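Enquirer: my questions are about this predicted structure, shown below with the sequence.
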Amino acid sequence: MSPEADLHVHTIYSDSTFSPHEVISTASKVSLACIAITDHDAVGGVEEAIDYGKKVGIEVIPGVELTAEYNDTEIHILGYFIDYKSSWFLEKLQHLRETRRKRFLQMVEKLKKFNISLDAEKIIRGNLSASIGRLHLAQELYRKGYVSSIKEAFRVYIGEGRPCYVKKERLSPQEAITMIRKLGGISVVAHPYLMGDDNVIPVLVKEGIEGIEVYHSEHPLSAQIRYMSMAQNYNLLITGGSDCHGLGKGKVLLGKVRISYNLVEKLKEYKNARDKT
Ligand code: AMP
Ligand code: FE
Ligand code: FE
Ligand code: ZN
């Protein structure tokens, strides 16, 4: 079998239930040659994954998933091959995680109007090294029996436009793309289908985005075909991944979306050529 990669994977450092160690052992079970760790606003899981990956023969690409916004549309931007030890970047991420905690408290406060009482401080303390977010909240609502599924938590309470939703701090696309570039990384627009507005893509291209996530667990075939042709038209690199959150969304998705390792090689060739100029 030719080698394959899954370039969109979360850990407990954001909102997955899997530790970096569990990500690697699962990747090994499903015969992936390469994965990228792409936590929301966090890189705490990268080193452990790289180290354990070396032991079992799985290549780990250091990555991150940042949140940006354009005209009210939320945009997720992936950074690959980033310098995950850069101190200014770590400080920035720390700040983003602090704003996430404040926003978490606000959402818990709003839930009170629906007679839902959660111990926000306790949940935060239980996830101190994580980028706390709506998936943690959805899981708590489910555990406590306020909703009968994670999806219901989003549909009724905390999805965008629902009564207990609070926006988190979002970067401008330019900020996110520039940050990744300064870290030596490659910027890629994540799951464009979920943005719900393809007009954002040319804007991102203008700002310097370098790749597009064509393959994703929530991309129907028609979306894959559309984004593949956009990749060609705009001369963007092509990536793909499962967006696995461990058991966070129910099923373990790791390796359910896999791309040929040739695409990883293309990323590396691109970066090498760019670094020379
Ligand atoms: P946050 O970054 O705190 O806004 O939370 C976003 C997280 O919630 C990401 O992991 C999303 O994939 C997840 N999410 C958003 N909407 C849903 C949904 N309807 N069902 C399950 N997970 C969702
Ligand atoms: Fe997530
Ligand atoms: Fe995302
Ligand atoms: Zn993700």
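Expert: Structure received. Numbers count the residues shown, from 1 in each chain. Ligands and ions are numbered 1, 2, ... in the order given.
Enquirer: helix or strand: which one has Gly63?
Expert: Secondary structure assignment for Gly63, by DSSP states H and E: strand 59-70.
Enquirer: quick check: next helix or strand after that strand?
Expert: strand 73-80.
Enquirer: and the next helix or strand past that next one?
Expert: In N-to-C order, the element after strand 73-80 by DSSP H and E is helix 87-111.
Enquirer: which single residue of the stretch 1-150 of the chain ends up nearest ligand 4?
Expert: Nearest to ligand 4 in the stretch 1-150 of the chain, going by CB to the ion, is Glu65, at a distance of 4.8 Å. Using the backbone N, CA and C atoms, a C-beta is placed for each residue, glycine as well.
Enquirer: just want the phi and psi numbers for the residue nearest to that residue when sequence neighbours are not counted.
Expert: Leaving aside its sequence neighbours, Glu65 sits nearest to Thr38 (CB to CB, 6 or more residues apart in numbering; 4.6 Å). Main-chain dihedrals, Thr38, degrees, to the nearest 10: phi -130, psi 70.
Enquirer: residue contacts, Thr38?
Expert: 7-10, 63-65, 78, 190, 241 (CB atoms under 8 Å, 6 or more residues apart in numbering).
Enquirer: equivalent analysis for Pro3, please.
Expert: The neighbours of Pro3, taking CB under 8 Å, 6+ apart as the test, are 33-34, 260-261.
Enquirer: can you pick the most crowded of the residues you listed?
Expert: In terms of neighbours by other CB atoms under 10 Å, the contacts of Pro3 top out with Cys34 at 19 neighbours.
Enquirer: how about the contacts made by the residue nearest to His245 when sequence neighbours are not counted?
Expert: Spatially, and ignoring its direct neighbours in sequence, His245 is nearest to Ser16 (4.3 Å; CB to CB, 6+ apart). Applying CB under 8 Å, 6+ apart, one finds that Ser16 lies in contact with 9-10, 23, 39, 244-246, 248.
Enquirer: what's the answer for Gly208, then?
Expert: Gly208 is in contact with 174, 177-178, 181, 187, counting by CB under 8 Å, 6+ apart.
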